[in-house]
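Asks: No letters, just coordinates:
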């Protein structure tokens, strides 16, 4: 074995940039003026907005002891009123299942109406309008509305979730209908089939798997929302949760929250498993 | 299989048909169970059209003179959403790092990260609002805190997924240069997740605009407070104005968010 040759001397000492310029990490925006401009605007906005919402450290610090008291009162969770908890959760579950079923059925004609390739223009605009209204407003706002119109209880909650479901499923399904393979539509039309036969034999078979996936996904969302809209009186466990806050029974609040979290996690997991299997 | 001289084409085999029938039956039973279990007086349904018409009559025409009163709370709503998002993003960064499998220091930190993500995500913003009102008293501060706490999980979850999907090569290249762990993170990982970061931030901001319009119902600031009081006073003509305003702001934020995401991510 021969000895390794001595390393050749470096042309320039290590650490000296070859071009005479030092490398810098590129900024997140290429243009320096724009970058600093954005940062300046952001800083100005932060100062303004923090002042506008009275976001100051002193006020936050004053919240700390209250936070501690709150947490102390929360533990241990109080499951002693299990029957109340059970009825509420059951009602939420039933609201979710029922409204998903009705909402999905109603969303099919809405989706057909909102797909440019199968619906005439006036119907298209009408259905798109409905979808955008029912999707824009959070469930809770729709719920207040129905509660004012139909009174407290699960009826208002069911209507809320139906409306929200038609917006969600309708929009997604309409997009799927617009994306279908037109060859099948032409094939069915070439047999002399009318519009309804075309829908039944050319459109539905193509979007059915997606529809099932959407419905399962929406069931998951509806279950989440059904535990919340009770806060404004639309049935389900949310009402009990809100009352426990009003009565400062935070240990009961924690019990309800834990049950809701468990329910939401199970629903999310189950919905994920089912959607993976069918699509 | 015996080739019958003539048989009808069927889409499903007998076994498939039975299976489908069983699933359909189970769904039908679940729906019937839900419908009958609910404490609903069904004849109410017949009253629905007149009730809705009556409400519509009270809502129209909108009382546009009320518009000036809703501009400040609407601005507050946008501020709550924006500040809440910024705060959430700052908190989400460390959480994302510990809940991504490839950057978390050990199993304990990984599960801590997952716990934070799950608890933040599965508690609704209205509930976070209720809790924050207990902490900070009613007002926009509670709203900002509620929106931030609710968004941390979502933002951290998506960021962690982006971290898990990075290209190892760049990280190894930086490590090979002898960089320390923070530098590896800063130069090997951060540039790779920046597009996802902006996308998630803007997307969450859009969601938060919508959500911060309701947290006022539990006293956490914004337009929700005005909406609640207008409803309690049965000023339906004012309610219409508020709803139109929320609709417009949400529509604008959705358009802005979609445009930004299409351009930069």
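Replies: Done, it's in. Everything numeric here is computed off the predicted structure, so don't read it as measured data. Numbers count the residues shown, from 1 in each chain, chains lettered A, B, ... in the order given.

Asks: Could you use CA atoms for every contact and neighbour count after this?
Replies: Will do.

Asks: residues touching residue 24, list them.
Replies: Reading this off chain A. Going by C-alpha atoms under 8 Å, 6 or more residues apart in numbering or on different chains, residue A:24 touches no other residue.

Asks: and it, which of the three is it?
Replies: coil (DSSP: H, G, I helix; E, B strand; the rest coil).

Asks: Look up how far residue B:187 lies from it.
Replies: 11 Å (C-alpha to C-alpha, to the nearest Å).

Asks: swap in residue A:119?
Replies: For residue A:119 relative to residue B:187 (C-alpha to C-alpha), the value is 52 Å.

Asks: Give me the more crowded residue out of these two.
Replies: It is residue B:187, of residue A:119 and residue B:187, that has more neighbours when counted by other C-alpha atoms under 10 Å in any protein chain shown, with 18 against 15.

Asks: So the closest residue to that one other than its chain neighbours, which state does it fall into?
Replies: The shortest distance from residue B:187 to any non-neighbouring residue, by C-alpha to C-alpha, 6 or more residues apart in numbering or on different chains, is to residue B:174 (7.1 Å). Assigned by three-state DSSP, the conformation of residue B:174 is helix.

Asks: Wait, residue B:174 touches residue B:189, no?
Replies: No: between residue B:174 and residue B:189 there is no contact under C-alpha atoms under 8 Å: 9.7 Å.

Asks: Ramachandran coordinates for residue B:60?
Replies: phi -110, psi 140 (degrees, to the nearest 10).

Asks: Name all residues that make contact with it.
Replies: B:236-237, B:240.

Asks: Apply 6 Å and report the result again.
Replies: By C-alpha atoms under 6 Å, 6 or more residues apart in numbering or on different chains, the residues touching residue B:60 are residue B:237.

Asks: likewise residue A:186?
Replies: Counted by C-alpha under 6 Å, 6+ apart, residue A:186 has zero contacts.

Asks: Counting neighbours, which bits of the strand or helix carrying it end up buried?
Replies: Residue A:186 belongs to helix A:182-190 when assigned by DSSP states H and E. Under the neighbour-count criterion of 16 or more other C-alpha atoms under 10 Å in any protein chain shown, helix A:182-190 has A:184-185, A:188-189 buried.

Asks: Just the buried residues of stretch A:33-40, please?
Replies: Under 16+ other C-alpha under 10 Å, stretch A:33-40 has no buried positions.

Asks: can that stretch be found next to chain B?
Replies: No: Stretch A:33-40 stays clear of chain B (C-alpha under 6 Å from any C-alpha of the partner chain), getting no nearer than 13.2 Å.

Asks: ok, which residues in the stretch 1-150 of chain B are in contact with chain A?
Replies: Residues of the stretch 1-150 of chain B lying near chain A (C-alpha under 6 Å from any C-alpha): B:31, B:34-35, B:40, B:122, B:135-136, B:140-141.

Asks: Tabulate these in JSON lines, adding columns for distance to residue A:233, pLDDT and neighbour count.
Replies: As requested, these are exported to JSON lines (distance: C-alpha to C-alpha, whole Å; pLDDT from 0 to 100; neighbours: other C-alpha atoms under 10 Å in any protein chain shown):
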{"residue": "B:31", "distance to residue A:233": "23", "pLDDT": "88", "neighbour count": "21"}
{"residue": "B:34", "distance to residue A:233": "19", "pLDDT": "85", "neighbour count": "22"}
{"residue": "B:35", "distance to residue A:233": "19", "pLDDT": "85", "neighbour count": "18"}
{"residue": "B:40", "distance to residue A:233": "14", "pLDDT": "76", "neighbour count": "15"}
{"residue": "B:122", "distance to residue A:233": "21", "pLDDT": "84", "neighbour count": "21"}
{"residue": "B:135", "distance to residue A:233": "24", "pLDDT": "86", "neighbour count": "24"}
{"residue": "B:136", "distance to residue A:233": "25", "pLDDT": "85", "neighbour count": "22"}
{"residue": "B:140", "distance to residue A:233": "24", "pLDDT": "88", "neighbour count": "28"}
{"residue": "B:141", "distance to residue A:233": "25", "pLDDT": "88", "neighbour count": "27"}
